[in-house]
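Visitor: Give me a model of this one.
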Amino acid sequence: MRDWLLSGLSERSLQHQGPHARPPEDKTHAWWKVMCLTGVDYFSTLGYQPGIAALAAGVLSPIATAVLVLVTLLGALPVYRRVAVDSPHGEGSIAMLVRLLTYWQGKLFVLVLLGFAATDFIITVTLSAADATAHINENPFWPASLHGHPVIVTLVLVGLLGAVFLKGFTEAIGIAVGLVGVYLALNAVVVADGLWRVVSHPAAVGDWTAALTAQHGDPFMMVAIALLVFPKLALGLSGFETGVAVMPHVKGDPGDTEEHPAGRIRGARKLLTTAAAIMSVFLISSSIVTTVLIPADAFKPGGAANGRALAYLAHQNLGGGFGTVYDLATIAILWFAGASAMAGLLNLVPRYLPRYGMAPTWARAVRPLVLVFTAVAFLITVWFGADVDAQGGAYATGVLVLITSAAVAVTLSARRRRQRAKTVGFGLITAVLAYTTVDNVVERPDGVKIAACFIGGIMAVSLLSRLYRAFELRVTHVETDPVAERFIHECARRSIRLVASEPDRRDAGEYRDKLAQITADNDLPDPNDIIFVEVEVTDPSEFEADLRVRGAVVHGRYRVLVMESSSVPNALAALLLHIRDRTGRRPHIYFEWTEGNPALNFLRYLAFGQGEVAPVTREMLRRSEPDRGRRPHVHAG
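Guide: Numbers count the residues shown, from 1 in each chain. As a prediction, this is how the structure comes out:
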């Protein structure tokens, strides 16, 4: 069972299954095909967005939707076109912010953003499955005996999604192209028929405009109210983060390199622009036809159009047969939207948490994470009763926080490059998105509550994982320069004796006094045959890193190996094992006991990478090399 669960476990965070995983070079596709992959998430919102808009804005739905389209085209689209330039390898906006922050505050910030990202992706799974259930229940050919059990049906759909990933989710481009093509074609038929009925029945338009005037007065008041209710329609902004996550699948130019993938960036920007344009046309047109042609009561909870406005029109205007075909296509793309979201989450979590030491190593494997995320999706589904409207606030919060963080990232990026006009423009977009986010949170705090649960869970798991992995040797590679190699091989003829030294003044007296103290404490026969080892702590919040060792002769006589690492004991243990493997000799290392409370020193090690160095180094060696006969010697005096 363990082997099956951990199959495909890789030490590289970018190698994971799923449609958002980084593909081999020969697995890239034309940008429009990749657009269909992100489109199963983005375009599938047509299944429920018109109904949510009508429920939130009433007769003002088309005007509020027009505001949403303006924010999409003038706000989210420019932001993510910039993200595609600055983060072309699928890391998304989070990676841009990570580069701006270091140390523990940067890691904590990533954990918070991952909490909101988890809210976005998990709610995508549950909300899409719940809306697919609504389409199933309202279909006239669905057996009456199976009506009234939305939670059970939704749980079955989520379980099937989890089973797909447990079996192994392979290339999804072909499936996505077919689904998106059929779904958009069917929606075009429904919307075109609806627009024709609107044009050919001016009385319906007259009733709508009369209701607008009666309820909201003059046009300025209509626009003002539309601006106020716009945050409730923010679900229509979903899909942009997924759009940059799938960038590694976009086929670039023959001359593209990993450092400068110009062709991939150009294709990704076409992907984002085309998807936004298609979605904007469908949002405006579907909002008009559903608001004008569907009675207001049908949108309310329990109504025939609740969560399925376009499907309602398909059945009413085009017949049960066409309506059933539309339902099947909608159910399929909504279910597959959950697959896209699940794959995005499976690529996001292993990219950060295991590398930071904030998740067990098995979190790099797909199947254990699938079980965890499926269980969480089950819990969310039961909690919300598989209700699309109830989950809308939580979904919008996750989407808006990610988009707002992306806007902040590109604003800071433009400012750092001294692009004044772009800094002002992106700053205005950030202000609009920040207002939208705050308004949505105040109006519907469920999203923040769920995100807080995710953030709290991630924080707790991260802390426990960091404690559990405290003695894990996490240096990925050791590289020594020629001088360091010469020192090691010179001493390998006799005994390799290293002295751990904490650098201070680095004058001749410091090295002389340290050598005399170590010689006296350990009764060394030859004080001249010794190599000093110094570790400079860089960012103690980092977990995995390469180790580069530099050799130098200081003050004409003292040999010193200098390293930079996030952890002193980790660097020393890795160096000792490297020397043993290169020379076939078991090196000796000598420590001075650390003064102070051992418990406090251990906490210093966890937080700052130094403190209780001698016993921690020895423990890392013990765990890495169970054979005492091959383990390097550790002396403390």
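Visitor: Surely Ala396 touches Gly236?
Guide: No. Contact criterion CB atoms under 8 Å: Ala396 and Gly236 do not qualify, at 9.4 Å. Quick note: C-beta positions are derived from backbone N, CA and C, even for glycine.
Visitor: What are the buried residues along the helix or strand that contains Trp196?
Guide: According to DSSP states H and E, Trp196 maps onto helix 173-200. Burial within helix 173-200, assessed by neighbour count using 16 or more other CB atoms under 10 Å, is assigned to 173, 175-177, 179-180, 182-184, 186-187, 190-191, 193-195, 198.
Visitor: what is the orientation angle of the biggest helix by length in the chain with helix 173-200?
Guide: Across the chain, the longest stretch assigned as helix under DSSP state H is helix 309-352. Helix 309-352 runs at 150 degrees relative to helix 173-200, counting by axes from the mean of the first three to the mean of the last three CA atoms, to 10 degrees.
Visitor: after helix 309-352 comes which helix or strand?
Guide: Scanning onward from helix 309-352 (DSSP H and E), the first element met is helix 366-384.
Visitor: Please name the nearest non-neighbouring residue to Glu536.
Guide: Glu564 (4.9 Å; CB to CB, 6 or more residues apart in numbering).
Visitor: and that neighbour, that's in a strand?
Guide: Yes. Counting by DSSP: H, G, I helix; E, B strand; the rest coil, Glu564 is part of a strand.
Visitor: Tell me how far it lies from Ala451.
Guide: Applying CB to CB, to the nearest Å, the value for Glu564 to Ala451 is 36 Å.
Visitor: Then Tyr435?
Guide: 18 Å.
Visitor: Can you pick out the residue with more neighbours from the two?
Guide: Comparing Tyr435 with Ala451 by other CB atoms under 10 Å, the one with more neighbours is Ala451, at 24 against 14.
Visitor: does Ser541 really touch Tyr103, like I thought?
Guide: Yes. Counting by CB under 8 Å, Tyr103 is a contact partner of Ser541 at 5.2 Å.
Visitor: Tell me which of those two has more neighbours.
Guide: Neighbour totals were compared for Ser541 and Tyr103, and Ser541 leads with 20 against 13 (other CB under 10 Å).
Visitor: Glu241 contacts Glu91, correct?
Guide: No. Using CB under 8 Å, Glu241 is not in contact with Glu91; the gap is 10.9 Å.
Visitor: more crowded one of the two?
Guide: Glu241 (27 against 22).
Visitor: Return the distance of the residue lying closest to that one once chain neighbours are set aside relative to His249.
Guide: Of all residues not flanking Glu241 in the chain, Leu402 sits nearest, at 5.0 Å (CB to CB, 6+ apart). Using CB to CB, Leu402 is found at 20 Å from His249.
Visitor: Also Glu595?
Guide: Distance check for Glu595 against His249: by CB to CB, it reads 56 Å.
Visitor: low-confidence ranges in the chain?
Guide: Residue ranges of the chain with pLDDT under 70: 8-27, 101-102, 145-146, 168-172, 215-218, 355, 527-528.
Visitor: Kindly list the longest strand within it.
Guide: Identified as the longest strand of the chain according to DSSP state E is strand 545-554.
Visitor: Please work out which residues outside it touch it.
Guide: For strand 545-554, contacts defined as CB atoms under 8 Å, 6 or more residues apart in numbering pick out 474-487, 506, 511, 559-566, 571, 574-575.
Visitor: Let me see the contact set for Gly75.
Guide: Taking CB under 8 Å, 6+ apart as the contact definition, Gly75 lies against 407, 429, 432-433.
Visitor: redo that, cut-off 6 Å
Guide: Contact analysis of Gly75 by CB atoms under 6 Å, 6 or more residues apart in numbering lists Ile429.
Visitor: so which strand or helix has the nearest residue to Ser565 once chain neighbours are set aside?
Guide: Nearest non-adjacent residue to Ser565, counting by CB to CB, 6+ apart: Ala571, 3.6 Å away. Taking DSSP H and E as the criterion, Ala571 maps to helix 568-583.
Visitor: would you put the C-alpha positions of that helix in PDB?
Guide: Extracted C-alpha coordinates of helix 568-583, given in PDB (Å, rounded to 0.1, in the frame of the first residue of the first chain):
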ATOM      1  CA  VAL A 568      25.100  24.900  10.700                       C
ATOM      2  CA  PRO A 569      24.600  21.300  11.800                       C
ATOM      3  CA  ASN A 570      23.200  20.300   8.400                       C
ATOM      4  CA  ALA A 571      26.100  21.800   6.500                       C
ATOM      5  CA  LEU A 572      28.600  20.100   8.800                       C
ATOM      6  CA  ALA A 573      26.900  16.700   8.700                       C
ATOM      7  CA  ALA A 574      26.700  16.900   4.900                       C
ATOM      8  CA  LEU A 575      30.300  17.900   4.600                       C
ATOM      9  CA  LEU A 576      31.400  15.000   6.800                       C
ATOM     10  CA  LEU A 577      29.500  12.400   4.800                       C
ATOM     11  CA  HIS A 578      30.800  13.900   1.500                       C
ATOM     12  CA  ILE A 579      34.400  13.700   2.800                       C
ATOM     13  CA  ARG A 580      33.900  10.100   3.800                       C
ATOM     14  CA  ASP A 581      32.500   9.100   0.500                       C
ATOM     15  CA  ARG A 582      35.200  10.900  -1.500                       C
ATOM     16  CA  THR A 583      38.200   9.600   0.500                       C
END
